[in-house]
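A structural model of the following input is requested.
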Amino acid sequence: MFAILLVLYLACLMLFTFFPRPILESGDPTAIAEFLKSHANFFYKIIYADTHWVALGNFFMLTPLPIIASRIFPKLRLRFIFLVGIAISVIIEISQLFIPGRVTDWLDLASNSISVLIGIAAVRFLPLNDHSRQS
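Reported below is the predicted structural model:
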């Protein structure tokens, strides 16, 4: 069951991070509002949400990764899961260089890293697993 959850989580993560943003170059709120009226796509509504919501989403984007991965692979070291999370974030940021309207930002990388650490803290300190985890 957790393996299916991991696949769904990673699929959603890819959709949200690799979905093009065709009108981001202008940044004009009126143009964005007009675009959203004619493109009622769920992803566009989230991608063009208020910047505070986007930043918050970015901050918690990778938090589920350590929680789900530790349930599927209980013997996997948390340090390794952290490195995988950082690698995913780096891949996302580098890939966004080539996606129209997407922006690569080192602050996204930093917030994603903190997000992975929040997930690791949840695994480490909350009773999510039947046994304590070793870093």
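
wait, what's in contact with the residue nearest to Asn58 when sequence neighbours are not counted?
For Asn58, the nearest residue in space outside its immediate sequence neighbours is Ser111; the separation is 5.0 Å by Cβ to Cβ, 6 or more residues apart in numbering. Where you see a C-beta, it was placed from the backbone N, CA and C, and this is true even at glycine. The contact partners of Ser111, taken as Cβ atoms under 8 Å, 6 or more residues apart in numbering, are Ala55, Asn58, Phe59, Met61.

show the contacting residues for the first one.
Taking Cβ under 8 Å, 6+ apart as the criterion, Ala55 is in contact with Ser111.

tell me the SS of it?
Assigned with DSSP: H, G, I helix; E, B strand; the rest coil, Ala55 falls in the helix class.

how much space separates it from Leu109?
13 Å (Cβ to Cβ, to the nearest Å).

what helix or strand does the residue nearest to Asn58 sit in?
helix 106-125 (DSSP states H and E).

next up, phi/psi of Gly101, please.
Gly101 has phi and psi values of phi 80, psi -10 when expressed as degrees, to the nearest 10.

widest-spaced pair of the contacts of Ser111?
Maximum pairwise distance among these (Cβ to Cβ): 10.4 Å, between Ala55 and Met61.

so Val103, which state does it fall into?
Remark: Val103 carries the secondary structure label coil [criterion: three-state DSSP].

now the protein, which segments are flagged as low pLDDT?
21-29, 31-51, 53-54, 128-135 (pLDDT under 70).

which residues in it form helices?
Assignment of helices within the chain using DSSP state H yields the ranges 2-18, 29-38, 42-47, 51-60, 64-72, 78-95, 106-125.

and the residue most central in space within the chain, what does it touch?
For the chain, the residue nearest the mean C-alpha position is Met61 (3.1 Å; Cα atoms, centre = their mean). For Met61, the set of contacting residues under the criterion of Cβ under 8 Å, 6+ apart consists of Leu13, Phe16, Thr17, Ser111, Asn112, Ser115.

which one (most neighbours) among these?
Using other Cβ atoms under 10 Å as the contact criterion, the top neighbour count among the contacts of Met61 goes to Asn112, which has 25 neighbours.
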